[in-house]
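J.: using only what follows, build the 3D model:
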Amino acid sequence: MTTSVARTAQDTYSSEETRERVLTIGEVAAQTGVTDHTLRYYEKAGILIVPRLSNGQRRYREIDVRAVEFIGHLRRTGMPIRTIREYADLVRSSDDTSEQRMSLLEQHRENVARDLAEQQRHLAGITQKIEWYRASLAERGTDEASVPAAMNSKESKRIHARSR
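T.: The predicted model follows:
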């Protein structure tokens, strides 16, 4: 998350000693896999503040790209936009908000861990059903690895008979 909102990107990057590579919205989209529409939404939602040139074009710095990537981690793990905005506001705060940010992220980590445990239970149920099918096929003497799945059922034989 960036704290520079008052200066334009042109002001920020004009001197040689502070020159860093800046990217357009399209370049950031290509680099991060986040669409330009989503990047604009993050700005509109108050999650991301990106410096602009005097003509209004966005210029993403490395810190902005890292912020987009981190926002992606939070979104893909189910953090609501309003909570991400709260986190972004804490990052941009002039006060030391490290404890609040850490607390927010710890809570999210607990939520993610709980969700992962639930997904593991679902995966175990699916695996159990697959094993049941393997055992059932083995009892009938069918090796599912060598026979296509469609050939393992009466239905496939009916379909084959109709196609003649």
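J.: relative to L48, how far out is the residue sitting nearest the centre point of the chain?
T.: Compute the mean C-alpha point of the chain, and by Cα atoms, centre = their mean the closest residue is R76, 3.3 Å away. To L48, R76 is 16 Å away according to Cβ to Cβ, to the nearest Å. The way it works is simple: take the backbone N, C-alpha and C, and place the C-beta from them, glycine included.
J.: and if you look at S136?
T.: Plainly put, S136 is 53 Å away from L48 if you go by Cβ to Cβ.
J.: ok, now R82?
T.: Applying Cβ to Cβ, the value for R82 to L48 is 15 Å.
J.: more neighbours: those two, which one.
T.: Neighbours per residue (other Cβ atoms under 10 Å) separate R82 from L48, with L48 holding more: 22 against 11.
J.: biggest helix in the chain by residues?
T.: The residue-count maximum for a helix in the chain (DSSP state H) belongs to helix 98-139.
J.: all strands of this protein, in order?
T.: For the chain, strands defined by DSSP state E do not occur.
J.: helices of that one, start to end?
T.: 9-12, 25-32, 36-44, 62-76, 81-92, 98-139, 154-162.
J.: what angle sits between the second one and helix 62-76?
T.: Helix 25-32 and helix 62-76 meet at an angle of 60 degrees, taking axes from the mean of the first three to the mean of the last three Cα atoms, to 10 degrees as the criterion.
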